[in-house]
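Student: what shape does this take:
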Amino acid sequence: MAERIGVFGASGLVGSRFVELYPNKEELLTPDLTEFDITSIKNVASFFDKNEVSTVVNFAAFTNVDGAEKERGDENGVVWRLNVDGVKNLIEICKEKDIFLVQISTDFVFRGDESDPGPYSEDKKLPDDNFGISWYGWTKNRVEKLLNESGVRHAVVRIAYPFYAASFDGKLDFAKGFLKLFDEGKLYPVFADQIHSVLNVDDLIEPLTKIMTDKISGTFHVVASDTTTPFEFVSYLLEKTKGAKDVLQKGSMKEFLKVEGRTPRPRLGGLKTEITEKKLGVTLKTWREMVDELVTSS
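Tutor: Numbers count the residues shown, from 1 in each chain. Model (predicted):
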């Protein structure tokens, strides 16, 4: 019997690109929101009763970080129900039916501040409280904890600041957002004191396919092999795509986050990839190589 893979959140920024580039599309089941409500255990159970799958990849999540912060502390809100309760439903059914579950996660599960700076290894212990963590990051943090305690066969794949050459109608990715601001003459000072990882989503396909195909359990970081700053990233991006040099002003995330009401985000973050590369037998590109790839693919 051919492998069948359930892909949830396949219409989103990252999920749609994964489906587009996945080599064996006939294996994929990609229900839309009208067919599959992850927050309804009855709906989830019904889907799996009607469709025999051996692997699930869950991209579905509420990812608007500032929007999520408006529901901070509300475990009855949309963000918690989608990001936590929805995955609980998947865990319950996948455990019952012995389905391998791949959960897409984020570097936002960590604080990324002076008290606990990154870049973080794949086996770094998760924070046990949400001080300095956004509500979005906390929901993803709690889901990772649930998965690790559930007994379900699973992998957690953390990604960060995704971008790619192809167009996506839903929203602008990390690179295109800055390019649009540049084209409109609206580019603001860019943080030079934030450390983070980035990902050209096209480079997610091989590692994720290997995890799914071989059903490799664990926590993986699929991002560039080195970290950068927004200032460094955007400067290189503009030089490569627009031929523009020395056009950026430096901004400070530390000062930005001091303003009351700002959503907390990792400032001293980033993800290490050594364990992932060794365990999967892959070599992840540097962030500059990922930008070069973006340019040549555009």
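
Student: just the helices from the stretch 1-150 of the chain, written as ranges.
Tutor: 13-21, 41-50, 65-69, 78-80, 86-97, 135-150 (DSSP state H, counting those that start in this stretch).

Student: from memory residue 123 sits against residue 271, does it?
Tutor: No. Shown here, residue 123 and residue 271 do not form a contact pair, counting by C-beta atoms under 8 Å, at 11.9 Å. Where C-beta positions appear, they are placed from N, C-alpha and C, glycine not excepted.

Student: more neighbours: these two, which one.
Tutor: Set side by side, residue 123 and residue 271 show more neighbours around residue 271, with 28 against 9, by other C-beta atoms under 10 Å.

Student: since we're on the closest residue to that one other than its chain neighbours, how many residues are nearby?
Tutor: In space, residue 271 comes closest to residue 221 once its chain neighbours are excluded; the distance is 4.1 Å by C-beta to C-beta, 6 or more residues apart in numbering. Using other C-beta under 10 Å, residue 221 has 30 other residues around it.

Student: ok so, going back, residue 292: which of the helices of the stretch 1-150 of the chain is closest?
Tutor: helix 13-21 (18.1 Å; C-beta to C-beta).

Student: tell me the mean pLDDT for the closest one?
Tutor: Here helix 13-21 scores 96 as its mean pLDDT.

Student: other SSEs contacting it?
Tutor: strand 5-8, helix 205-214 (3 or more C-beta pairs under 8 Å, 6 or more residues apart in numbering; DSSP states H and E).

Student: relative to helix 205-214, how tilted is that helix?
Tutor: When axes from the mean of the first three to the mean of the last three C-alpha atoms, to 10 degrees is applied, the directions of helix 13-21 and helix 205-214 differ by 80 degrees.

Student: if we can go back for a sec, ok, the residue nearest to residue 271 - contacts?
Tutor: 122, 158, 197, 271-273, 275-276 (C-beta atoms under 8 Å, 6 or more residues apart in numbering).

Student: mark which of these are buried, thanks.
Tutor: Buried by 16 or more other C-beta atoms under 10 Å: 122, 158, 197, 271-273, 276, out of these.

Student: related to what we said a few turns ago, in a markdown table, list the contacts of residue 221 along with pLDDT, secondary structure and distance to residue 77.
Tutor: Output for the contacts of residue 221, formatted as a markdown table (pLDDT from 0 to 100; DSSP: H, G, I helix; E, B strand; the rest coil; distance: C-beta to C-beta, whole Å):
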| residue | pLDDT | secondary structure | distance to residue 77 |
| --- | --- | --- | --- |
| 122 | 98 | coil | 30 |
| 158 | 98 | strand | 23 |
| 197 | 98 | coil | 28 |
| 271 | 98 | strand | 27 |
| 272 | 98 | coil | 32 |
| 273 | 98 | coil | 33 |
| 275 | 98 | helix | 34 |
| 276 | 98 | helix | 32 |
